[in-house]
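Asker: when you get a sec, could you give me coordinates for this:
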Amino acid sequence: MADRLPLQGKRVLITRAKAQVQEFIDKIEAAGGIAIPAPLLEIRANDKQEQMIKTTILHLKNYDCIVFTSANGVSFFKSYLDKFNVSYSNLSHLIAASVGSKTSKQMEKLGLRVSIIPEEFVAEKLAESLSENLPEHSRILAIRGNLARPTLVTELKQKGFSVTDLVVYETIHKMDEAEKLIKYLQQDELDFITFTSSSTVDSFMKVLNQKELQDNLRKVVFVCIGPITNDKLNDYGYNGIMPHSYTIDAMVKLMIEHEMSKEGL
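Answerer: Predicted structure coming up:
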């Protein structure tokens with residue numbers, strides 16, 4: 001049919017945190033797919049370390065560069081600035097760096113103009129870009145979540161930079177979605193399972209990589225946002241497909257291409 005959409009009737013599981021899921025749902029549904037949100041992760045402010053966060057934010061003048069590794073980091077950092085009545089203008093002297101384009105866009109809300117961004121959106125490449133563009137012994141404020149890999153901070157310290165690792169949000173595994181997912185898998189009602197971080201892979205596999213479900217899992221196409229997430233999936237013994245650009249848009253495009261290739265289009 002000429003009017004048939006490329007993901008018509010395909011059931012796509014989204015494992016993102018609830019606060020992040022709507023954009024993904026909209027894009028899947030626009031392509032004709034059936035989006036099934038199963039937020040295995042919950043993201044919340046790191047209030048356990050609020051005093052340290054406050055102290056750091058009140059002394060932004062001590063830093064030369066600020067680095068964000070996710071859009072979530074920007075959002076929670078912004079909420080702390082607002083909570084402690086710290087003007088965004090206090091960031092104006094900082095060199096701004098970002099792990100990717102989506103994060104950079106969010107940083108604009110803080111009045112930051114990102115001048116350092118790697119060609120490949122992974123921590124290793126960001127560390128390289130920073131070391132190539134910052135003066136020696138620069139003081140770096142790295143904003144991240146509790147489950148972010150320590151790679152960026154570790155490599156920057158090894159390169160001689162002074163780094164403050166500021167964890168502004170926590171990602172919590174939610175297991176109450178498991179029963180719903182088990183039912184979908186048992187009945188072979190999923191065509192794609194999407195992962196947008198290695199932590200979502202961990203959360204999913206800890207609950208659902210059960211012997212009695214492995215045959216069902218082999219029938220599903222796993223879609224990973226990037227190489228770190230894909231490597232984590234491989235660690236559990238499964239293969240996924242991965243877009244060249246590490247974005248939600250690219251993941252949807254890849255699913256469409258996968259379906260078209262099956263139909264010989």
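Asker: make it CA atoms for all contacts and neighbour counts henceforth
Answerer: OK.
Asker: which stretches of this structure have low pLDDT?
Answerer: By pLDDT under 70, the low-scoring segments of the chain are 1-2, 19, 121, 264-265.
Asker: what ranges do the helices span in it?
Answerer: If DSSP state H is used as the criterion, the helices of the chain fall at 21-30, 50-57, 71-83, 101-107, 123-133, 151-158, 178-186, 198-208, 214-218, 227-235, 248-262.
Asker: got a list of contacts for the fifth one?
Answerer: With contact meaning C-alpha atoms under 8 Å, 6 or more residues apart in numbering, helix 123-133 is reached by 69, 97-99, 116-119, 151-152, 155-156, 159.
Asker: likewise stretch 242-259?
Answerer: Residues contacting stretch 242-259 (C-alpha under 8 Å, 6+ apart): 6-7, 24, 27-28, 31, 121, 223-227, 230.
Asker: list the buried residues for stretch 30-37?
Answerer: With burial defined by 16 or more other C-alpha atoms under 10 Å, the residues of stretch 30-37 counted as buried are 31, 32, 33, 34, 35, 36, 37.
Asker: list the contacts of the residue lying closest to the fourth one once chain neighbours are set aside.
Answerer: Beyond its immediate neighbours in the sequence, the residue positioned closest to residue 34 (C-alpha to C-alpha, 6 or more residues apart in numbering) is residue 11, lying 4.7 Å away. Contacts of residue 11 were listed using C-alpha under 8 Å, 6+ apart, and they are 33, 34, 35, 36, 189, 190, 191, 192.
Asker: hmm, 6 Å instead?
Answerer: Going by C-alpha atoms under 6 Å, 6 or more residues apart in numbering, residue 11 touches 34, 190, 191.
Asker: any idea how far it is from residue 208?
Answerer: The spacing between residue 11 and residue 208, counted by C-alpha to C-alpha, to the nearest Å, is 18 Å.
Asker: same check, this time on residue 35
Answerer: Distance from residue 35 to residue 208, by C-alpha to C-alpha: 19 Å.
Asker: next one: residue 194
Answerer: Residue 194 sits 14 Å away from residue 208, going by C-alpha to C-alpha.
Asker: neighbour count winner among the two?
Answerer: Ranked by neighbour count (other C-alpha atoms under 10 Å), residue 194 and residue 208 place residue 194 first, with 23 against 18.
Asker: check contacts around that one.
Answerer: Each residue near residue 194 by C-alpha under 6 Å, 6+ apart is listed here: 14, 222, 223, 224.
Asker: strands - which of the buried residues of stretch 30-37 land there?
Answerer: Members of the buried residues of stretch 30-37 lying in strands (criterion: DSSP state E): 34, 35, 36, 37.
Asker: on that earlier part again, for residue 142, find the nearest of the helices of the chain.
Answerer: With C-alpha to C-alpha, the closest approach to residue 142 among those belongs to helix 151-158: 7.4 Å.
Asker: buried residues, the closest one. List them.
Answerer: 152, 153, 155, 156.
Asker: can I get these in CSV with distance to residue 237?
Answerer: Output for the buried residues of helix 151-158, formatted as CSV (distance: C-alpha to C-alpha, whole Å):
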residue, distance to residue 237
152, 27
153, 29
155, 29
156, 32
